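Chemist: The following block contains a protein sequence and its predicted model.
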Amino acid sequence: MRDKFIIEGRHKLKGEIDIWGSKNASLPIMAASLLNSGDLILDNVPPVKDNLTMAEILRYLGLSVEFLEGDKVHIKGEPKGYRAPYELVSRMRASFELMGPLLAYFGEAEIPYPGGCRIGLRPVDLHIKGFESLGAEITVDKGFVCARAKKGLKGAKIHLDKPSVGATRNIMMAAVLAQGETIIENAACEPEVVDLGNFLKSMGAEIEGLGTSTIYIKGKKELKPIDYYKIIPDRIAAGTFIIAGIMIGKDLVIKNIEPEHLQSLFIKLKEAGVNSLQIRDREVRVKGEKVWKGIEVTTMPYPGFPTDLQPQMMVFLSLAQGTSLIVETVFENRFLHVGELLRLGAKISIDGRTALIQGVEKLKGAPVEATDLRAGAALVLAGLVAEGVTEVLDVDEHIDRGYVALEEKLSALGANIKRVSYEEGKKVSDLSL
Ligand code: EPZ
């Protein structure tokens, strides 16, 4: 059985929503907890599917992991194995980030080669080159990437060809226990990289330059256990609700956010003529807008416009006055939602990595398929604002990876949305609510 959302559009969103912790920060921090031999509570870790998968892998490796009330996870114990199982790793690419901490802890690690995924090929060559620079020998055996550094890792200067978020984090986790200094040049500056760095620092790791493109790490013999760490808010979830609020909100307050992490979104919204956002210390108040205009958006590594908000922004621009351009520079195939948006009446054409969007007056409900996590979120936004009923299929496989019970959160704000199970293969119903 699969799950779908059935959404009757045009119901205004009103009220308050608390934004949960960032899954793209909690995933590597859970992986890094392999290096914390104590009894740890990680706070602000929502039970989204990806976090549950990471918990399962950590259990397989010998840790005890328990989700508690209030988005807390209790992790304790020490890892007993350094080989992660294919069945679990294949569900989620971020599990490749277990390699750094396992290699640091055991001097060896074996992780299944992560396959491509729908948004692009997503190779791991930069991770592997980084581990090799630290002195690990890498082989691929029966689909597993095997890394060995029996005599320990040695600090090195590593220049990344691209500021990869995952490679920066994986190398950082390995380098904190390497001998000597590691310098990562062209490092990713994303807040989720900084959060992992701060977690490692709280265990005594010596790291400088977090949030800049050069990170310096002085390897330690060992780290000290800590018992509590709180994960940063999810900037992509916050952005998703902000865009929803502008399109179909009456008076929506989005709380527990870090406005600094959303600057590139705020700048683009202003350029499109959105002037009603009230940004405070840890919240944004959004009043619905009636009209906005087309703009150009290019996705870039942080602090540029995030690729993870590109599909949601495309829905917004589909309803803008005039023409917009979106250039996707991070992933080579992240326009899968376009075909689905066309079904709802959007006017979009694609040429390579550029989408040309001709604003339309309205979208009209139809059955559509979530093809990846953020594309799914974008289709939900489209359903909320469209006339009539929209069905978003494959919600459990994609949207649940990063948004917990999204339908409940939206219903509490006034949306008309429900989750329904359906048999695979029997996809489309009669669109009745
Ligand atoms: C992280 O993925 C996020 N995932 C992604 O979130 C996000 O879209 C992405 O960063 C970019 O911001 C997590 O944090 C768990 P990258 P990651 O390595 O680390 C290429 C979501 O919806 N590359 O920065 O895999 C790669 O193919 C998602 O929450 C190499 O060529 O992203 C891509 O084109 C999906 N070789 C670019 O770099 C490598 O070895 C950026 O990827 C590694 C990456």
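Modeler: Perfect, thanks for sending it.
Chemist: Write out the residues of the stretch 301-433 of the chain neighbouring the ligand.
Modeler: Thr307, Asp308, Val330, Phe331, Leu373, Arg374, Gly402 (C-beta under 6 Å from any ligand atom). For every residue, glycine as well, the C-beta is placed using N, CA and C.
Chemist: what's the closest of those residues to Gly155?
Modeler: Closest approach between those and Gly155, by C-beta to C-beta: Val330, at 29.0 Å.
Chemist: about what we covered before: so which of the residues of the stretch 301-433 of the chain next to the ligand wins on neighbours?
Modeler: Arg374 (28 neighbours; other C-beta atoms under 10 Å).
Chemist: sec struct for that residue, please.
Modeler: What DSSP: H, G, I helix; E, B strand; the rest coil gives for Arg374 is helix.
Chemist: For it, give me its contacts.
Modeler: Shown in contact with Arg374 (C-beta atoms under 8 Å, 6 or more residues apart in numbering): Ile236, Asp308, Leu309, Gln310, Pro311, Gln312, Gly402.
Chemist: Among those residues, which pair sits farthest apart?
Modeler: Pairwise over those, using C-beta to C-beta, the maximum falls at Gln310 and Gly402, 14.6 Å.
Chemist: Check whether the residue in the chain positioned nearest to the ligand sits in a helix, strand or coil.
Modeler: For the chain and the ligand, the shortest gap (C-beta to the nearest ligand atom) falls at Gly166, measuring 2.8 Å. Of the three states, Gly166 takes helix under three-state DSSP.
Chemist: Just put the contacts of Arg374 in JSON lines and tack on secondary structure.
Modeler: Below are those laid out as JSON lines (three-state DSSP):
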{"residue": "Ile236", "secondary structure": "helix"}
{"residue": "Asp308", "secondary structure": "helix"}
{"residue": "Leu309", "secondary structure": "helix"}
{"residue": "Gln310", "secondary structure": "helix"}
{"residue": "Pro311", "secondary structure": "helix"}
{"residue": "Gln312", "secondary structure": "helix"}
{"residue": "Gly402", "secondary structure": "coil"}
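Chemist: Make sure the residue of the chain closest to the ligand is actually in contact with Ser95.
Modeler: No. Gly166 lies out of contact with Ser95 (C-beta atoms under 8 Å); the separation is 10.5 Å.
Chemist: residue contacts, the residue located most distally from the centre of the chain?
Modeler: Most distant from the centre of the chain: Lys151, at 35.0 Å, with distances by C-alpha atoms, centre = their mean. By C-beta under 8 Å, 6+ apart, the contact set of Lys151 is Gly107, Gly135.
Chemist: Let me know the pLDDT of it.
Modeler: pLDDT recorded at Lys151 is 90.
Chemist: What values do phi and psi take at it?
Modeler: Note on Lys151: its backbone torsions stand at phi -90, psi 10 [degrees, to the nearest 10].
Chemist: do Gln179 as well
Modeler: Dihedral angles for Gln179 - degrees, to the nearest 10 - are phi -80, psi 120.
Chemist: Now do it against Leu34, distance only.
Modeler: Between Gln179 and Leu34 the computed distance is 19 Å (C-beta to C-beta, to the nearest Å).
Chemist: Of those two, which one has the most company?
Modeler: Leu34 (24 against 16).
Chemist: thinking the more buried one is in contact with Leu98, fair?
Modeler: Yes. Here Leu34 lies in contact with Leu98, judged by C-beta under 8 Å, at a distance of 7.2 Å.
Chemist: list residues touching both of the two?
Modeler: Leu61.
Chemist: Residues touching stretch 392-400, excluding its own?
Modeler: By C-beta under 8 Å, 6+ apart, stretch 392-400 touches 2-5, 7, 48-49, 367-373, 375-377, 379-380, 383, 406, 419, 422, 427-428.
Chemist: 7 Å - rerun?
Modeler: 2-5, 7, 48-49, 367-370, 372-373, 376-377, 379-380, 383, 406, 419, 427 (C-beta atoms under 7 Å, 6 or more residues apart in numbering).
Chemist: Ok, stretch 331-347 next?
Modeler: Contacts of stretch 331-347 (C-beta under 7 Å, 6+ apart): 118-121, 307, 310-311, 314-315, 318, 328, 348, 350, 355, 358, 360, 363-364, 366, 368-369, 371-372, 375, 378-379, 382, 386, 390.
Chemist: And the spatially closest residue to Leu356 that is not a sequence neighbour, its phi and psi?
Modeler: Nearest residue to Leu356, sequence neighbours excluded (C-beta to C-beta, 6 or more residues apart in numbering): Ser349, at 5.0 Å. Phi and psi for Ser349, reported as degrees, to the nearest 10, are phi -130, psi 150.
Chemist: can you check the one 5 residues further on too?
Modeler: Thr354 has phi and psi values of phi -120, psi 130 when expressed as degrees, to the nearest 10.
Chemist: can you pull up the bridge partners for it?
Modeler: Under DSSP bridges, the beta-bridge partners of Thr354 are Val327, Asp351.
Chemist: is it true that it touches Leu325?
Modeler: Yes. When contacts are counted by C-beta atoms under 7 Å, Thr354 is listed as touching Leu325 (6.2 Å).
Chemist: Okay, now the unreliable bits of this structure?
Modeler: Scanning the chain for pLDDT under 70 picks out 115-117, 425-433.
Chemist: make it 80
Modeler: The model of the chain has pLDDT under 80 over residues 115-121, 424-433.
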